[in-house]
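Novice: generate a structure from the sequence data that follows.
(one chain, ligands or ions: 2)
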Amino acid sequence: MRTISFPPTTFLKSAAKLNQLPPDNGSEVAFIGRSNSGKSSAINAITGIKGLAKTSKTPGRTQLLNFFTLDNPQQRLVDLPGYGFARVDEQQKQDWEAVIADYLQTRQSLKGLVITMDSRHPLKTRDQAMLFWAKHYAIPLYILLTKMDKLSNQERLLSHKTTKKTLNELSIQAEIQPFSVTKPIGIHEARRMILQWLNNKPTAN
Ligand SMILES: Nc1nc2c(ncn2[C@@H]2O[C@H](COP(=O)(O)OP(=O)(O)O)[C@@H](O)[C@H]2O)c(=O)[nH]1
Ligand SMILES: [Mg+2]
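Specialist: Residues are numbered from 1 along each chain as shown. Ligands and ions are numbered 1, 2, ... in the order given. As a prediction, the model looks like this:
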């Protein structure tokens, strides 16, 4: 894989509700995943900007949709709130689901969804639910199997292989990318995929 640089990216805004989102034009790629799966770290590694998305050792802090713009203001990345954290009550969980479902369903500029999954335990129940939603709304999917540095070579292959097999069994089409921010693994591949999504000419309405 040749080296690919990512255009300069800056924080745009945070939104707690759907009526606070930036205008729905241009193109957008959203990141979602279980809390602590390495979502914010992935955004920082892909953009090459440390601290752009807040990373945390305490899961479940981000309850906002955080938007970033590339140097082309019509292109955005979104850090969606993580799921699967323990310390939220049922009401919060339902609010979260309503916001995310609405976002995925209505967002015209959304060109693709990146799902981060810890390669040591991918495809948890909520991950699978997310994959089915994306499939339902016909949103292209890209799976980052994160923290691959924590696995041996053999375990990496196994993690990739079992994920692929399970996706087949679930009839989910998604590209799977082994990924690590520390090693690093898969950063350029992820950049290429995301830029391809963002640069695709908008379809005529
Ligand atoms: N070893 C290792 N740790 C990682 C990697 N990516 C993230 N982490 C760590 O996992 C924790 C959660 O990461 P974060 O990006 O905040 O996860 P998020 O909650 O999904 O946004 C942090 O302590 C990160 O430093 C990785 O590729 N390798
Ligand atoms: Mg985060």
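
Novice: before we move on, what SS does residue 2 have?
Specialist: coil (DSSP: H, G, I helix; E, B strand; the rest coil).

Novice: how near is it to residue 14?
Specialist: Residue 2 sits 34 Å away from residue 14, going by CB to CB, to the nearest Å. (C-beta placed from N, C-alpha, C; glycine too.)

Novice: looking at the two, which has the bigger crowd around it?
Specialist: residue 14 (13 against 5; other CB atoms under 10 Å).

Novice: measure the more buried one to residue 65 for me?
Specialist: Counting by CB to CB, the gap from residue 14 to residue 65 is 7 Å.

Novice: avg pLDDT for stretch 127-139?
Specialist: Mean pLDDT, stretch 127-139: 94.

Novice: list the contacts of it.
Specialist: Stretch 127-139 has contacts (CB atoms under 8 Å, 6 or more residues apart in numbering) with 32-34, 83, 101, 104-105, 110, 112-113, 115, 117, 140-141, 167, 170, 172-174.

Novice: repeat that for 7 Å
Specialist: The contact list for stretch 127-139, computed with CB atoms under 7 Å, 6 or more residues apart in numbering, reads 32, 34, 101, 104-105, 110, 112-113, 115, 117, 141, 170, 172, 174.

Novice: and that stretch, what's buried?
Specialist: 127, 130, 131, 133, 134, 139 (16 or more other CB atoms under 10 Å).

Novice: where do the strands of the protein begin and end?
Specialist: Along the chain, counting by DSSP state E, strands occupy 10-15, 27-33, 65-69, 75-79, 110-118, 141-146, 175-178.

Novice: ranking these by burial, who's on top?
Specialist: Neighbour counts (mean count of other CB atoms under 10 Å) averaged over each of the strands of the chain peak at strand 141-146, with a mean of 26.

Novice: and that strand, what does it pack onto?
Specialist: strand 110-118, helix 153-169, strand 175-178 (3 or more CB pairs under 7 Å, 6 or more residues apart in numbering; DSSP states H and E).

Novice: neighbours of the nearest residue to residue 156 once chain neighbours are set aside, just the number please.
Specialist: Nearest non-adjacent residue to residue 156, counting by CB to CB, 6 or more residues apart in numbering: residue 148, 5.4 Å away. Here the count is done by other CB under 10 Å, and residue 148 has 25 residues near it.

Novice: residue 125 too?
Specialist: The number of residues packed near residue 125 is 9, by other CB under 10 Å.

Novice: what's the spacing between it and ligand 2?
Specialist: Using CB to the ion, to the nearest Å, one gets 20 Å for the distance from residue 125 to ligand 2.

Novice: list the buried residues for the lowest-mean-pLDDT helix or strand in the chain?
Specialist: In the chain, no helix or strand scores lower on mean pLDDT, DSSP states H and E than helix 90-106, which sits at a mean of 84. Buried residues in helix 90-106, counted by 16+ other CB under 10 Å: 96, 99, 100, 103, 104.

Novice: can you pull the contacts of the fourth one?
Specialist: Counting by CB under 7 Å, 6+ apart, residue 103 touches residue 18.

Novice: distance of it relative to residue 67?
Specialist: Distance, residue 103 to residue 67, using CB to CB: 11 Å.
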